[in-house]
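>>> Following is a predicted model, sequence given first.
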Amino acid sequence: ALGEKIYHGTPFRRCVEEGLLDCSRVVQIGIRGSSYDPHPYKYCQDQGFRVVLAEECWGRSLVPLMGEVRKQMGDKPVYISFDIDGLDPAYAPGTGTPEIAGLTPAQALEIIRGCKGLNIVGCDLVEVA
């Protein structure tokens, strides 16, 4: 993306290319569009990622979705990467990639609390400027 092989927006693509991910167990929640690509989710969907767009989350609880995620993950090891720019910049302005129409803090808490019971082996919080 943006003509660069490695930059802050490509870590999962590189992991796919290097065979480091079980793509059937990757879930992206709260994804929004990119002004650089007319089909920004196509690559992820083509790899087998489950992509839940931000607009699919608007005005609803994410508790049921997180129940589905827990079933999908089972008891296998899980790594969580929480990208702060998934939140609407009205709530998280300290990101390098602010984009309107993101998730709310309440939804972020539902996601985090919904991870209870997963076999979490690590996590990170990224895109905090």
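Looks like it arrived, so ask away. In this text the structure is predicted, and so the values were computed from the model without any measurement. Numbers count the residues shown, from 1 in each chain.

>>> if I look at Gly102, how far off is Leu53?
According to CB to CB, to the nearest Å, Gly102 stands 11 Å off from Leu53. In this view, the C-beta of every residue, glycine as well, is placed from N, C-alpha and C.

>>> ditto for Arg70
Distance of Arg70 to Leu53, computed by CB to CB: 20 Å.

>>> Now do the strands in this structure.
Secondary structure of the chain by DSSP state E: the strands cover 27-31, 50-53, 77-83, 119-126.

>>> if we can go back for a sec, quick check: neighbours shared by Gly102 and Leu53?
Gly30, Arg32 (CB atoms under 8 Å, 6 or more residues apart in numbering).

>>> who has more neighbours, those two?
Comparing Gly102 with Leu53 by other CB atoms under 10 Å, the one with more neighbours is Gly102, at 24 against 15.

>>> Hmm, the more buried one is touching Ala54, no?
Yes. When contacts are counted by CB atoms under 8 Å, Gly102 is listed as touching Ala54 (5.6 Å).

>>> which residues are in contact with both of these two?
Shared contacts of Gly102 and Ala54 (CB under 8 Å, 6+ apart): Gly30, Arg32, Gly86.

>>> Distance to Ser24 and pLDDT for those - can I get that in TSV?
Shown next, in TSV, are those (distance: CB to CB, whole Å; pLDDT from 0 to 100):
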residue	distance to Ser24	pLDDT
Gly30	20	95
Arg32	23	88
Gly86	22	94
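
>>> Tell me the buried residues in stretch 108-124?
For stretch 108-124, the neighbour count (16 or more other CB atoms under 10 Å) marks Ala108, Glu110, Ile111, Gly114, Cys115, Leu118 as buried.

>>> Could you do stretch 31-47 as well?
For stretch 31-47, the neighbour count (16+ other CB under 10 Å) marks Ile31, Arg32, Pro40, Tyr41, Cys44, Gln47 as buried.
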